[in-house]
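Enquirer: Provided below are the primary sequence and the corresponding predicted coordinates.
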Amino acid sequence: MTTKDVPPRWDRKMQQRLARGEAAALGELYDRFASLVHSLAHRVIGEEKAADTITREVFAHVWEHPETYDPKQGPLRSWIATVTHRLAVQRLRDSETAALPHRDGASAGELEGKVRRASVAARADYIVHSMPAPLRAALELAYFQRRDYRQTAADLGVTEDEARRRLRLGLQLLSTAHDAGTPPGHGGAA
C-alpha cells in the first residue's frame, strides 16, 4: 500500500471512537459533516423537512454501524456522502413510487430521470463543497457574482493567469458530475 492509499489518520481514529460508542465522536462528526449531509439530501429530495430527516438517519446509521465504513476504500467524508445519497435516493424513489398511481401518465422512466438529475445535482454540490477553497472561491465569484476572470483575479488578489487556471480547474472538476451520477466514494454497505 502506497502512502497515497493510506486513509487520513482522523478518519481511522473517528471510526474507532464511534465503534467504542463515544458520543463525543458522533458530535464531532456531526459538526464536521452535517451541512454536507443536509445539502446533499436537500439536493436529491428538494424538501427541507425530508433533508432534515435524512440527516438524522445518516448520523443514526453511522452511530449504529461504524463498522460498515472501510478506511481502505476512501475518506470518511466520501463514505458519509455515499450513505446520504443512497438514503436520499431511496426516499425519493419511495415517495415517487407512492405517488405514481395518483399521477396521470407518470412512468418509471420519469422517476429514474428525476433520480438521475437529482444524483447529478448532488454530485455537483459535493464536488463544489469538496474542492479546495481557492477553486471554490473563484467559481463562486464567477457564477454567483458574475465576475469575469479579470474581476475574479482582482477580487482574489491573484494574477489573471492564476484566476483563469482556478476557474478552468474548478469547471473541469464540476464537469465530472455527469460522469458517474453518484457522489464520489465507495460502495460500502449503507
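Expert: Nice, thanks for sending it over.

Enquirer: contacts, neighbours, all on C-alpha from now
Expert: Noted.

Enquirer: what is the least confident helix or strand in this protein?
Expert: helix 177-180 (a mean of 63; mean pLDDT, DSSP states H and E).

Enquirer: what helices and strands are in contact with the helix or strand hosting residue 163?
Expert: For residue 163, the host element (DSSP states H and E) is helix 160-175. For helix 160-175, the packing partners by 3 or more CA pairs under 8 Å, 6 or more residues apart in numbering; DSSP states H and E come out as helix 108-130, helix 133-144, helix 149-156.

Enquirer: center of this structure - which residue?
Expert: Central residue of the chain (CA atoms, centre = their mean): residue 126, 3.4 Å from the mean position.

Enquirer: from the chain's centroid, how far away is the helix holding residue 163?
Expert: Put simply, helix 160-175 sits 20 Å off its chain's centre (CA atoms, centre = their mean, to the nearest Å).

Enquirer: what's the angle from it to helix 108-130?
Expert: With axes from the mean of the first three to the mean of the last three CA atoms, to 10 degrees as the basis, helix 160-175 and helix 108-130 are set at 150 degrees to each other.

Enquirer: helix 160-175 to helix 133-144, inter-axis angle?
Expert: Orientation of helix 160-175 against helix 133-144 (the same axes, to 10 degrees) gives an angle of 80 degrees.

Enquirer: for residue 18, give its distance to residue 139.
Expert: Distance, residue 18 to residue 139, by CA to CA, to the nearest Å: 36 Å.

Enquirer: repeat for residue 84
Expert: Applying CA to CA, the value for residue 84 to residue 139 is 25 Å.

Enquirer: so for the two, which residue has more residues nearby?
Expert: Each of residue 84 and residue 139 has its neighbours counted (other CA atoms under 10 Å); residue 84 has more, 29 against 24.

Enquirer: thinking the more buried one is in contact with residue 53, fair?
Expert: No. Counting by CA atoms under 8 Å, residue 84 stays clear of residue 53, with 10.9 Å between them.

Enquirer: before we move on, back to that, using CSV, list the CA coordinates for the helix holding residue 163.
Expert: Presented in CSV, the C-alpha positions along helix 160-175 are these (Å, rounded to 0.1, in the frame of the first residue of the first chain):
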residue,chain,number,x,y,z
GLU,A,160,-5.2,36.9,-14.2
ASP,A,161,-3.4,33.7,-15.3
GLU,A,162,-4.0,32.2,-11.8
ALA,A,163,-7.7,33.2,-11.9
ARG,A,164,-8.1,31.6,-15.3
ARG,A,165,-6.3,28.4,-14.0
ARG,A,166,-8.5,28.2,-10.9
LEU,A,167,-11.7,28.7,-12.9
ARG,A,168,-10.6,26.2,-15.6
LEU,A,169,-9.7,23.6,-13.0
GLY,A,170,-12.9,24.2,-11.0
LEU,A,171,-15.0,23.8,-14.1
GLN,A,172,-13.2,20.6,-15.1
LEU,A,173,-13.9,19.2,-11.7
LEU,A,174,-17.6,20.2,-12.0
SER,A,175,-17.8,18.6,-15.4
